[in-house]
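S.K.: structure for the following, please:
(2 chains)
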Amino acid sequence: MKQSHLFSKTRKDAPKDEVSKNAQLLIRAGYIHKEMAGVYSFLPLGLRVIEKITDIIRDELNKAGCQELKMTTLQRKEIWEQTDRWRNDLDGGIWFKTELNGGSELGLAFTHEEALANIMKDHINSYKDLPKYAYQFQTKFRNELRAKSGILRGREFLMKDLYDFSKNKEEHEDFYEKMKGVYMNIFTRAGIGENTYMTISSGGSFSKYSYEFQTICEAGEDILVYDPEKKIAINKGDFSDEVFSDFDLNKDDYNFQEAKSIEVGDIYTLGEKYSSALDLKYTDEKGEEHPVYMGSYGIGVPRLMGAIVEIFADSNGIVWPESVSPFAVHLVQVGDSDTVNAEAEKIYTELVENNIEVLWDDRDSRPGQKFADSDLIGIPHRIVVSEKTIEAEKLEYKKRTDQNGDASMMSLEEIVKNIQ
RNA sequence: CGGGGCGUGGUGUAACGGCUAACAUGUCCGCUUUGGGAGCGGGAGACUCCGGGUUCGAAUCCCGGCGCCCCGACCA
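M.R.: Coordinates of the predicted model:
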């Protein structure tokens, strides 16, 4: 893609109403636009990152036998009344509510247990229908008392929510165990595996414990107690002798330290709470009816994106891991002569033919501005084409992570090999 | 929702209660220039968040809203 086609522009200064690193950089680089507190639009560059992340999640979940669907945001009050979650005082008033012209009350979904359990009543009848796993990428609305930290906690955000429908606790637990691995794969592929810990946390009203996936990050809201060697972590709020005894662990076996962390995902056992309330049941081999056993599994996609920015950014801007970068290569053209134009076009075409996604800075601006923008946007591989490189019959290549290293002169073939 | 801070061209800032609200940056036009946010000249762009009040006079003081950020309490 030619950079001159991008409608977004970079800025030198961050707006003063953004303090968080992720929002400052993402706005400066033209990834997002703030609409109001906790509500951001994703511009073309930002959307590409969101899509990279969702592609990773979708791939991992599909491999695990899950099926994607898309539910509605608008929710009928009656379904939520059955589980007593229509209340306006729920979680500090998390609902956004509205109404039809006729006056019927509606809610904008902040999660989808009720909605999906209700759908499944049409499709699950027999033990032969179970287990089933369904997920979606869907915009959630949460009337947070306090939106904060840029895209780390918004009032409207894209969430991947997965639900399992199992015959019983054992069947659910098999899947739950499997999802622990799948989640770690997702975070590893997104580039934050090293920084992310599966974390013991209290389970809320459904079960005694659940797991959160906490990514160590200064901008985080939680405190993580963890052992980096043995890869065990407990949310500080839940760190107690009781936890150690419940998990049959000896506290002295570990060398714990603390760090701030951000919750990028979580997995919950729901049990029969929603299926009972909504009358979602199946008939077993003997003709007896049982409530379906459920679990839910969430990942906040923008939050994950924001965490990645927070973790890897340096003083010059964003540094994307390759897997989620909007483009693999930033082709920076220095100079505007016919020879440079032709050479840049040639390089661009060859890279694209090698299935490499390229942002080609074809703008007629000064080199200094182009390099600064390139660092800010944070694409992992930078190639420079100029009169100098044409003369040398090589290209200049630099990784975004090499903050101070000089660029090296390489042939296109070497660069392509490097990237692939 | 409690506490604190802040609202001035697109963005970042300035302006004692007193002149046509200033500067930088961005943007537009022209020329020049092309390896780390270049230079010169010219132009556009602001009901100083909104509504009241005090005053001869309000961006500035007072009251009330609204918005934004931060700290808490709660959540992907």
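S.K.: check the offset of stretch A:304-315 from the chain's centre.
M.R.: Averaging C-alpha positions (C-alpha atoms, centre = their mean, to the nearest Å) puts stretch A:304-315 12 Å from its chain's average.
S.K.: and stretch A:311-327, by the same measure?
M.R.: That offset, for stretch A:311-327, works out to 14 Å (C-alpha atoms, centre = their mean).
S.K.: now swap in stretch A:88-96 and tell me
M.R.: In this view, stretch A:88-96 has its centroid 24 Å away from the chain centroid, taken as C-alpha atoms, centre = their mean.
S.K.: what's the span of it from first residue to last?
M.R.: End-to-end distance for stretch A:88-96: 9 Å, by C-alpha to C-alpha, to the nearest Å.
S.K.: ok, now stretch A:383-398?
M.R.: Stretch A:383-398 has an end-to-end distance of 7 Å (C-alpha to C-alpha).
S.K.: now swap in stretch A:71-91 and tell me
M.R.: Start-to-end span of stretch A:71-91 (C-alpha to C-alpha) is 22 Å.
S.K.: stretch A:238-253 too?
M.R.: Stretch A:238-253 has its terminal residues 18 Å apart, counting by C-alpha to C-alpha.
S.K.: can you check stretch A:31-51 too?
M.R.: 13 Å.
S.K.: next, see if it gets close to RNA strand B.
M.R.: Yes - on the criterion C-beta under 7 Å from any atom of the strand, stretch A:31-51 is in touch with RNA strand B at A:36-38. Heads up, the C-betas are built off the backbone N, CA and C, glycines and all.
S.K.: what's that stretch in contact with?
M.R.: A:6-8, A:15, A:17-18, A:23, A:26-27, A:29-30, A:144, A:147-148, A:150-151, A:153-156, A:158, A:301-302, A:305, A:320, A:324-327, A:377 (C-beta atoms under 8 Å, 6 or more residues apart in numbering).
S.K.: please apply the same query to stretch A:124-132.
M.R.: Residues contacting stretch A:124-132 (C-beta under 8 Å, 6+ apart): A:67, A:120, A:123, A:164-167, A:171-172, A:175, A:280, A:282-285, A:292.
S.K.: now the two most distant members of the residues you listed.
M.R.: Of all pairs drawn from the contacts of stretch A:124-132, the widest gap by C-beta to C-beta lies between A:67 and A:285 and measures 24.7 Å.
S.K.: which of these two has more neighbours?
M.R.: Just comparing residue A:67 and residue A:285: by other C-beta atoms under 10 Å the higher neighbour count belongs to residue A:67, 12 against 8.
S.K.: identify the bridge partners of the more buried one.
M.R.: With DSSP bridges as the criterion, residue A:67 is bridged to residue A:134.
S.K.: what residues are up against it?
M.R.: A:132-135.
S.K.: how about the residues of stretch A:31-51 next to RNA strand B in CSV, adding pLDDT and secondary structure?
M.R.: Shown next, in CSV, are the residues of stretch A:31-51 next to RNA strand B (pLDDT from 0 to 100; DSSP: H, G, I helix; E, B strand; the rest coil):
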residue, pLDDT, secondary structure
A:36, 92, strand
A:37, 93, coil
A:38, 94, coil
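S.K.: ok, and the most crowded of those residues?
M.R.: That'd be residue A:38 among the residues of stretch A:31-51 next to RNA strand B, by other C-beta under 10 Å, with 21 neighbours.
S.K.: could you count how many residues lie near the nearest residue to that one once chain neighbours are set aside?
M.R.: Nearest non-adjacent residue to residue A:38, counting by C-beta to C-beta, 6 or more residues apart in numbering: residue A:147, 2.4 Å away. Residues contacting residue A:147 under the criterion other C-beta under 10 Å number 20.
S.K.: appreciated, that's everything.
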